[in-house]
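Colleague: coords please:
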Amino acid sequence: MLSNPYLIATTILTGMTTDSPFLDPRTLNTTPEGLAWMERRQEVLARDEGRCVMCGTNRSLLEAHHIVARRHGGTDELDNLVTLCRTYHAKTDTYGRPKRDEKISGKPDEAKVSRPV
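Modeller: Numbering: from 1, shown residues only. As a prediction, the model looks like this:
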């Protein structure tokens, strides 16, 4: 007779179950800073009611955008973050990787405040 609880279970526990003994797979190999960022991102999405602050959509991938980019001295504080859909996030000046001149000099010519267009 099988006595393994995983083989005879009638329900399947996942990381999303509140009383699950299993860890969320995204947190297994994440640094403390990464975990803090995941929590902060959720706070921003909740504050903005799960919608892009520019177009109001909630049907596309939503991202937390730094108004003042971290590479320009911005922080992960809530007042420096807004929720944007990928379309509007890609339109910001500081979206993605540093520009070529920033890579060469190691710092930008001046700090940019990146507001969605």
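Colleague: the chain: helices as residue ranges?
Modeller: Remark: helices assigned in the chain by DSSP state H are 5-8, 32-47, 86-90, 100-105.
Colleague: what is the mean pLDDT for the third one?
Modeller: When the per-residue pLDDT values of helix 86-90 are averaged, the result is 92.
Colleague: and if you look at the last one?
Modeller: Confidence for helix 100-105, expressed as mean pLDDT, is 56.
Colleague: pLDDT weak spots in this protein?
Modeller: 1-28, 98-117 (pLDDT under 70).
Colleague: how about the strands in it?
Modeller: Listed in chain order, the strands found in the chain under DSSP state E are 62-66, 81-85.
Colleague: would you mind finding the most buried of these?
Modeller: strand 81-85 (a mean of 23; mean count of other C-beta atoms under 10 Å). Just so you know, the C-beta spots here come from the backbone N, C-alpha and C atoms, and that holds for glycine as well.
Colleague: against which helices or strands is that strand packed?
Modeller: Contacts defined by 3 or more C-beta pairs under 8 Å, 6 or more residues apart in numbering; DSSP states H and E place strand 81-85 against helix 32-47, strand 62-66.
Colleague: and with 10 Å instead?
Modeller: Contacts defined by 3 or more C-beta pairs under 10 Å, 6 or more residues apart in numbering; DSSP states H and E place strand 81-85 against helix 32-47, strand 62-66, helix 86-90.
Colleague: now for those, which one comes closest to Asn80?
Modeller: Closest approach to Asn80 among these is made by strand 62-66 (5.8 Å; C-beta to C-beta).
Colleague: neighbouring strands - and their directions - for the closest one?
Modeller: Strand 62-66 pairs in its sheet with strand 81-85 (antiparallel), by DSSP bridges.
Colleague: using PDB, list the CA coordinates for the strand it pairs with.
Modeller: Only the C-alpha atoms of strand 81-85 are listed here, as PDB (Å, rounded to 0.1, in the frame of the first residue of the first chain):
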ATOM      1  CA  LEU A  81       7.800  54.800  -9.000                       C
ATOM      2  CA  VAL A  82       4.800  54.600 -11.300                       C
ATOM      3  CA  THR A  83       3.000  51.700 -13.000                       C
ATOM      4  CA  LEU A  84       3.300  51.700 -16.800                       C
ATOM      5  CA  CYS A  85       2.400  49.300 -19.500                       C
END
